[in-house]
Structures are given as C-alpha cells and as structure tokens.
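Novice: Sequence and predicted model, in that order:
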Amino acid sequence: MDFIAPLERTRLIRRYKRFLADVERADGSTLTVHCANPGSMLGLAEPGFGAFISDSGNPKRKLRHSLELIETGDGTLVNINTGAVNRLAEEAIRAGAVPSLTGFSSLKAEVAYGTGSRVDFLLTFPDQAPTYVEVKSVTLSRAPGLAEFPDSVTARGLKHLDELARVVANGERAMMLFLVQRSDCTRFQAAGDLDPRYAAGLARAMEAGVEIVCLGCMIDKGSIRVDAPIEIVA
C-alpha cells in the first residue's frame, strides 16, 4: 500500500478525545489532525514523538489532515491509522501474501454475519468452505521484539473471537489475521494483563479451530508492505 502523496513530518504535541491529535509543523505552527485509531495507542502517544501526517487535499473536510505514522524515540515507524489496515490486508490477500488464503474465487468486504456483526472479509473457494476473516491492527510493543494485542480492553474484539468460533462450529472456516504495524517485532502474544478476557477468548478461539495468523509489515515514509509471518507465543 502506497501513500498517495508524500507525508509531512511533524512533532506530536498530544493525542486526545480518541480521534484528535495536535501536532507542530516544521515552521512552528500547530495543527489539529484526525487520528483514526480507537485504541489507547499505548506507548505511541508521547509528546515529542515524530508524527507523519497526510493531506486529503479537501479544504471542505472538517479536519483536512490525518495522522498516519508515529516515529518512536528509537526511530521505529508505526502505522496508527487503523482505517488503512483493512486496505492493506485486502491488498496482501489478493497478492497471495497470506499463503493459507490463496486460490479463492471471490472476496467480499464487510459482510453481515453472527449477531449484528460484519466480518472484514468473506472469501469463497471452489473446493472448500467459505472463510471468514477478521483483521486486527497490532501497534503495541512493550518488550524488545514482542508485539502485543490489544492495547486496551476491547469488548468488540472479544465479540469477534466468539463470532468466529461459532462460524467454525457451523462447519465453515474462520481466521483471525493480526497485522503488526511496525517492523521491529518477531514475536506476538495476547496482552493478557491489559485485557485478560480477550486473551482467554483468543485461547478459546484457537481451541475451537479458528486459524490465528500474524504477519509483520515493512513500513517506510512512502509505503507499507505485508512481510513475513510473526511467531505466535503463549
């Protein structure tokens, strides 16, 4: 996935009200930008971190600019725009970058299923059951090389795990696809101390037959690319 236009490097002043961030531009002026991330952004909202923003080019939009990448103190780039992750996942699936999802005959996004839910992707295959795929953006890392999810309590994420388990119980196929949105991690685990119910739900889903896949990404100021599988640890 390529950024449409070059990103502007700014400095993060603060992130607040979930979807807002104030940044300081190179000329010293400040700007309020849209922050498309419903999570806590734990470890990524430190004042002074580098903040790369995009310009929609639409002066009529309430907030013309959006926060795309955070640069941590050690220079790691992290994609915090969760709205872009499904586009990245679809691009990767269509390109064959998710080996267990190759050979599909159709791919549909945001398909209703379960109890008032919409699955991120529904793939059909000519010779196997349909596959329901939920995608999660992983940005948290509190130990060297270790990616974790979630970064705060997520009742919605737990519901998705339960919905996927029911899909498998009905004889169809389900996958939870974690995309690590930083390139400094080689392992992944559930953040059980932050959300023990989610960690337990993930373990139940695995036991029920939900496929758990975690992939890393290569991120630079011009693009994001799905990379190699990430080891899932208990």
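Specialist: Cool, the structure landed.
Novice: can we go C-alpha only for contacts and neighbour counts from here?
Specialist: Fine.
Novice: Domain boundaries for this structure, per the record?
Specialist: Following the assignment in automatic domain parsing, the chain carries domains at 8-79, 82-232.
Novice: Quick check: closest non-adjacent residue to the residue most central in space within the chain.
Specialist: By Cα atoms, centre = their mean, the chain has its centre lying nearest to residue 137, at 1.5 Å. Nearest non-adjacent residue to residue 137, counting by Cα to Cα, 6 or more residues apart in numbering: residue 179, 5.3 Å away.
Novice: Now name the helix or strand holding that neighbour.
Specialist: Using DSSP states H and E, the element containing residue 179 is strand 173-180.
Novice: Go ahead and name everything in contact with that strand.
Specialist: By Cα atoms under 8 Å, 6 or more residues apart in numbering, the residues outside strand 173-180 that reach it are 85, 89, 129-139, 147, 161, 164-165, 167-168, 209-217, 226.
Novice: so the residue nearest to the centre of the chain is in which element?
Specialist: strand 131-138.
Novice: Run a quick neighbour tally on residue 25.
Specialist: Using other Cα atoms under 10 Å, residue 25 has 16 other residues around it.
Novice: Sort out which residues of the helix with the most length in the chain are buried, please.
Specialist: Scanning the chain for the helix with the most residues, using DSSP state H, yields helix 155-169. Using 16 or more other Cα atoms under 10 Å as the test for burial, helix 155-169 gives 157-168.
Novice: Then stretch 26-33?
Specialist: 31-33.
Novice: was I right about the residue nearest to the centre of the chain contacting residue 151?
Specialist: No. Using Cα atoms under 8 Å, residue 137 makes no contact with residue 151, being 10.3 Å away.
Novice: Need phi/psi at the closest residue to residue 192 other than its chain neighbours.
Specialist: Nearest residue to residue 192, sequence neighbours excluded (Cα to Cα, 6+ apart): residue 199, at 5.1 Å. Backbone geometry at residue 199, expressed as degrees, to the nearest 10, gives phi -60, psi -40.
Novice: how many neighbours does residue 199 have?
Specialist: Neighbours of residue 199 under the rule other Cα under 10 Å: 20.
Novice: Can you check the pLDDT for it?
Specialist: Per-residue pLDDT puts residue 199 at 98.
Novice: Provide a list of residues in contact with it.
Specialist: Counting by Cα under 8 Å, 6+ apart, residue 199 touches 190-192.
Novice: Against residue 107, how distant is it?
Specialist: Going from residue 199 to residue 107 by Cα to Cα, to the nearest Å gives 29 Å.
Novice: contacting residues for residue 28?
Specialist: With contact set as Cα under 8 Å, 6+ apart, residue 28 has no partners.
Novice: before we move on, back to that, ok, the buried residues of helix 155-169 vs residue 21, which is closest?
Specialist: residue 157 (24.2 Å; Cα to Cα).
Novice: Tell me the secondary structure at the nearest residue to the closest one once chain neighbours are set aside.
Specialist: Leaving aside its sequence neighbours, residue 157 sits nearest to residue 198 (Cα to Cα, 6+ apart; 7.3 Å). Three-state call for residue 198 (DSSP: H, G, I helix; E, B strand; the rest coil): helix.
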